[in-house]
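*Asks:* pasted the sequence and its predicted model underneath.
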Amino acid sequence: MRPDPKRLAALNAFYAGRQAPDIMRDAVSGLFGGRVALVSSFGAESVVLLHMLSQADAATPVLFADTQMLFAQTLKYQQEVAERLGLLDVRRIAPAGRDLLKADPERKLHETDPDACCDLRKVRPLETALEDFDVVITGRKRHQTAERSTMEVFEQDKGWRLRVNPLVDWSHIEQGEYIDAHGLPRHPLVAKGFASLGCEPCTTPVAAGEDPRAGRWRGRDKEECGIHIVDGRVERKTEKVA
């Protein structure tokens, strides 16, 4: 299925100004496509979107990319949040062991080629998992990176899949207020200065006044892991690894 600019424009116009829970409810109802999944990192602010999903349809599949290099706290938090919210279908998506042994036997690929590491441990496994779905829901927001600054609520993903970003214009403050208002658990590393969380070797705390994503791939010209594709283009500054 080719991208349909008219459909995207119509959806973005119709839902302009709509509340995120309403967009979530329509997405999981099958209004935009019959097979729906949410991709979540169970990171610093993921609980906001996951809570909205639990209120709309807790049986919706949640795809959790376990790169095998995540913080132990993230793995524990994933279990805690899933149980707390009553999420019924959390699917842990991990790279194949044979692929890891072949491409990264010493677990040091992130030091020499972080793009290749992300592709191996996150991009390819998730792309395979998403082949079963027509609609993917993400927690991406415009303020996070330069590449995301102009994105819309509805985007075409991989040329045929619809991507829905209910929180596209939410700020850190709004997300924090939502977490507090609903009494949701925060990722334990947030209290230690981790404002954005990814794999343990490539994530550091941020100092006061720093951009929340400054701790991701610190010191490298890299802002995206590569799982977000728009019309076949990887959203990151560096070139896509073949």
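*Replies:* Everything's here; your move.
*Asks:* geometric centre of the chain: which residue is closest?
*Replies:* The residue lying closest to the centre of the chain (Cα atoms, centre = their mean) is Ser40, at 4.7 Å.
*Asks:* Gln73 contacts Pro188, correct?
*Replies:* Yes: counting by Cβ atoms under 8 Å, Gln73 does reach Pro188; the two are 4.9 Å apart. For the C-beta atoms, the positions are set from N, CA and C on the backbone; glycine is no exception.
*Asks:* give me every residue that touches the closest residue in space to Ala195 that isn't next to it in sequence.
*Replies:* Distance criterion Cβ to Cβ, 6 or more residues apart in numbering; nearest residue to Ala195, sequence neighbours excluded, is Pro212 at 3.7 Å. By Cβ atoms under 8 Å, 6 or more residues apart in numbering, the contact list for Pro212 reads Ala44, Gln144, His172, Ala195, Ser196, Val206.
*Asks:* per-residue pLDDT, Pro212?
*Replies:* Reported pLDDT at Pro212 in the predicted model: 76.
*Asks:* A strand includes it, no?
*Replies:* No: counting by DSSP: H, G, I helix; E, B strand; the rest coil, Pro212 is located in no strand; its state is coil.
*Asks:* next up, phi/psi of it, please.
*Replies:* Dihedral angles of Pro212 (phi, psi; degrees, to the nearest 10) stand at phi -60, psi -30.
*Asks:* Pro205 versus that one, what's the distance?
*Replies:* Distance, Pro212 to Pro205, by Cβ to Cβ, to the nearest Å: 11 Å.
*Asks:* shared neighbours, these two?
*Replies:* Common neighbours of Pro212 and Pro205 (criterion: Cβ under 8 Å, 6+ apart): Ala195.
*Asks:* ok, which stretches of the protein are helices?
*Replies:* Remark: helices assigned in the chain by DSSP state H are 5-14, 20-28, 46-57, 72-85, 97-103, 109-112, 114-118, 124-130, 172-181.
*Asks:* want to throw these into CSV with mean neighbour count, distance to Trp160 and mean pLDDT?
*Replies:* CSV is the format used below for the helices of the chain (neighbours: other Cβ atoms under 10 Å; distance: least, Cβ to Cβ, whole Å; pLDDT from 0 to 100):
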stretch, mean neighbour count, distance to Trp160, mean pLDDT
helix 5-14, 13, 12, 92
helix 20-28, 20, 17, 97
helix 46-57, 22, 23, 98
helix 72-85, 17, 29, 98
helix 97-103, 12, 25, 96
helix 109-112, 15, 31, 94
helix 114-118, 22, 23, 93
helix 124-130, 18, 11, 94
helix 172-181, 14, 30, 95
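*Asks:* out of those helices, which is closest to Arg218?
*Replies:* Minimum separation from Arg218 across the helices of the chain (Cβ to Cβ) falls at helix 114-118, 11.0 Å.
*Asks:* what is that closest one packed up against?
*Replies:* helix 109-112 (3 or more Cβ pairs under 8 Å, 6 or more residues apart in numbering; DSSP states H and E).
*Asks:* which of the contacts of Pro212 count as buried?
*Replies:* Ala44, Gln144, Ala195, Ser196, Val206 (16 or more other Cβ atoms under 10 Å).
*Asks:* what does stretch 41-48 contact?
*Replies:* 40, 50, 64-65, 74, 77-78, 81, 85, 139, 167, 170, 172, 175, 178-179, 184-187, 189-190, 194-198, 212.
*Asks:* now Ser196. Nearest residue, chain neighbours left out?
*Replies:* The shortest distance from Ser196 to any non-neighbouring residue, by Cβ to Cβ, 6+ apart, is to Arg213 (4.6 Å).
*Asks:* cool, thanks, signing off.
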